[in-house]
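1. Have a look; sequence and predicted model below, questions after that.
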Amino acid sequence: MEKIVIKDEFIKLGQALKLAGLVSSGVEAKIVITEGEVLVNNEVETRRGKKLYEGDTFTFNGITCEVTK
């Protein structure tokens, strides 16, 4: 499992996908999220603005990342 490090209290899902290098742009993030291709804590998430906090995980294209501080 890969880890992404955040400095703030939370990171939005679209930003997290970009930070992890799983998508190349915000537009691409919006598309894959709204099409139900992203899991947050093992559940489908369709909101790009979903806030992720330390300990949350997200999965796209078989790659899972954990949010850490």
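-> Received it, and whenever you're ready, just let me know what you need. Since this is a predicted model, take the numbers as computed values, not measurements. Numbering: from 1, shown residues only.
2. distance of Val5 from Lys51?
-> Noted for Val5: a distance of 16 Å to Lys51, by Cβ to Cβ, to the nearest Å. Bear in mind the C-beta positions are built from the backbone N, C-alpha and C, glycine included.
3. higher neighbour count, those two?
-> More crowded of Val5 and Lys51, by other Cβ atoms under 10 Å: Lys51, with 13 against 10.
4. buried residues in stretch 46-60?
-> Of all the residues in stretch 46-60, those buried under the rule 16 or more other Cβ atoms under 10 Å are Arg48, Lys50, Leu52, Asp56, Thr57, Phe58, Thr59, Phe60.
5. ok, of these, which one's closest to Val38?
-> Nearest to Val38 among these: Phe60, at 4.9 Å, using Cβ to Cβ.
6. Was I right to think the closest one contacts Leu17?
-> Yes. Using Cβ atoms under 8 Å, Phe60 is in contact with Leu17, at 6.3 Å.
7. Which residues are in contact with each of those two?
-> Shared contacts of Phe60 and Leu17, defined by Cβ atoms under 8 Å, 6 or more residues apart in numbering, comprise Val23, Val32, Val38.
8. how far away is the nearest residue to Lys12 once chain neighbours are set aside from Leu17?
-> Closest residue to Lys12 apart from its sequence neighbours, by Cβ to Cβ, 6 or more residues apart in numbering: Gly49 at 5.2 Å. Going from Gly49 to Leu17 by Cβ to Cβ gives 12 Å.
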